[in-house]
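Asker: below are the sequence and a predicted model for it; my questions follow.
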Amino acid sequence: MKYYKFLLAIALLFCNVSKGQIRFEIKTQKIIRGVDNKNFPFGSYLYTIKNKTEQNQLIFFIEENNETLPCVKLLKRKLLRRYDDFSFSMIEWESNMTIGNNNIVTPELFVKILAPKRKFTIIVPFFNREDEDVALKVTQHLLVCPESVFSSNMIEMPHFRENLQSYDFAYPSNNVVVFTNPLKLFILRKNE
């Protein structure tokens, strides 16, 4: 019986590594800024993602929980999902597209190219218990994909990263502030 438990543990470890958990690491930090009049703390969660590979990782927010489907299926859904008159697949296939430069960060259209061995921090402020509950779900709604998956026969968008950069669409900074209200509305969209 101990032998079977050992084999099961090895199999689970292999599955965890094969899903790409070693490609990046996410560290969570809670910072308390004060206490409101109901004696509830307010502050921020910081999620620091470190690329542990020698290739770029692309970071998206996704509506689904990232543990519900394999990474490639979640990525396909993200690339093909329509956000009004836009989908990420257009970046690969629409050569005459014009993208206006906008400083507003929305989870729907957020994408970050994280270079090898670099870090990126997502800051999510919270002001009440409901905000904190949403802030705690951030890691469940992040999709981190290696650049190589875009060239694979599963995705077939070999110029996706280059096009993101030529359209100046990828998020440029090393950190981003995402507020809980738009994040909550984004997560609730998965049923649409």
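Answerer: Cool, the structure landed.
Asker: ok, which stretches of the chain are helices?
Answerer: 2-18, 71-80, 89-93, 129-135, 148-151, 160-166, 180-188 (DSSP state H).
Asker: of the ones you listed, which shows the lowest average pLDDT?
Answerer: Lowest mean pLDDT within those: helix 2-18, at a mean of 39.
Asker: and K52, which of the helices of the chain is closest to it?
Answerer: Closest to K52 of the helices of the chain, according to C-beta to C-beta: helix 2-18, at 12.1 Å. Every residue, glycine included, has its C-beta placed from N, CA and C.
Asker: what is the residue nearest the centre of the chain paired to in the beta sheet?
Answerer: Of all residues in the chain, the one closest to the mean position by C-alpha atoms, centre = their mean is L142, 2.7 Å from it. The bridge-partner assignment for L142, based on DSSP bridges, gives F61.
Asker: that one and I31, how far apart?
Answerer: 19 Å (C-beta to C-beta, to the nearest Å).
Asker: residues contacting the residue nearest to the centre of the chain?
Answerer: With C-beta atoms under 8 Å, 6 or more residues apart in numbering as the criterion, the residues that contact L142 are 26, 47, 49, 59-62, 66, 122.
Asker: who wins on neighbours among these?
Answerer: I122 (25 neighbours; other C-beta atoms under 10 Å).
Asker: contact partners for that residue?
Answerer: If a contact means C-beta under 8 Å, 6+ apart, then I122 has 46-47, 49, 138, 142, 175-176, 178 as its contacts.
Asker: try it again at 10 Å.
Answerer: I122 sits next to 26, 28, 45-49, 59, 61, 105, 110, 112, 135, 138-139, 142, 175-178, 183 when contact means C-beta atoms under 10 Å, 6 or more residues apart in numbering.
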